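Chemist: Build me a model:
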Amino acid sequence: MIPSSESFAFTDFPILLGGGPAQQLAGLGTKQPYLYPGLLAGRVPLWAVIYSLSVWWMIWSATEEVTYQAYTLPRLQALAGRAWFAILLVSFWWTLQHSFLPLIPDWHYIIWRFLAFLPGVMVMTLIYQRTRRLPPLIFAHYLMDFSAMLMTGEVLVNGP
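Modeler: Reported below is the predicted structural model:
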C-alpha cells in the first residue's frame, strides 16, 4: 500500500486505534510504503501465521507493558535516582526491540522503524510514569497489536 493524501485504506486504521502515528505521518503524501517491499509476500511459514493471528496479539501487549513499565522502569529509576534517565533507557530498549520485528536485515528499515516507534513508546512510558496504572496502557497496546494482527491477515489474504 502506498499512502497518499487522497486515499484512505485498511492500513490507515492503526492511526485511529493509536498505533504507529509516526509511521503514518512519515508516509503522508510520499511514495514511502507502509510495508517493506516483499514483507509478508509468501515468505511466512504457516506456524508463524497461525501464531500471529491467534496467540501473539493476545499475550504480548500485557507481557511488554508489565516487563518494561511495571518491572524495569521502577527498578531503573530506583537504581539511577532519576526518573528521566529510567524513562529514556526503558524507551530506548523497548523501541529497539520493535525495530527488529520483523527481522529485515536492512539498516534503513531498522532505523525507520526505530524512529517510527520512539514517539509512541515515549508517550506510553510517560503516561505510566505519571499514572502508575497499567490496565489502560495494556488495553491501548492491545488495540495496536490487534490492528497489526488485522493488517497481517489482510496482507496474507489480499497480498501486499
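Chemist: Burial check on F139, number of neighbours?
Modeler: 12 (other C-beta atoms under 10 Å). Quick note: C-beta positions are derived from backbone N, CA and C, even for glycine.
Chemist: ok, for it, nearest residue in space, not its chain neighbours?
Modeler: What sits nearest to F139 in space, not counting adjacent residues and going by C-beta to C-beta, 6 or more residues apart in numbering, is S61, at 8.0 Å.
Chemist: next one: A80
Modeler: A86 (5.6 Å).
Chemist: quick one: contacts for the one you found?
Modeler: L73, P74, L76, Q77, A80 (C-beta atoms under 8 Å, 6 or more residues apart in numbering).
Chemist: Can you report phi and psi for the residue nearest to F139?
Modeler: phi -60, psi -50 (degrees, to the nearest 10).
Chemist: ok, now R133?
Modeler: Backbone geometry at R133, expressed as degrees, to the nearest 10, gives phi -120, psi 120.
Chemist: From V55, how far off is the residue lying farthest from the centre of the chain?
Modeler: For the chain, the residue at maximal distance from the C-alpha centroid (C-alpha atoms, centre = their mean) is G81, at 28.6 Å. Using C-beta to C-beta, to the nearest Å, G81 is found at 39 Å from V55.
Chemist: Then M122?
Modeler: Distance, M122 to V55, by C-beta to C-beta: 28 Å.
Chemist: Who has more neighbours out of these two?
Modeler: M122 (17 against 10).
Chemist: any idea which element the more buried one lies in?
Modeler: Using DSSP states H and E, M122 maps to helix 107-131.
Chemist: what angle sits between the very next helix or strand once past that helix and helix 107-131?
Modeler: Toward the C-terminus, helix 107-131 is succeeded by helix 134-158 as the next helix or strand (DSSP H and E). Per axes from the mean of the first three to the mean of the last three C-alpha atoms, to 10 degrees, the angle that helix 134-158 makes with helix 107-131 is 150 degrees.
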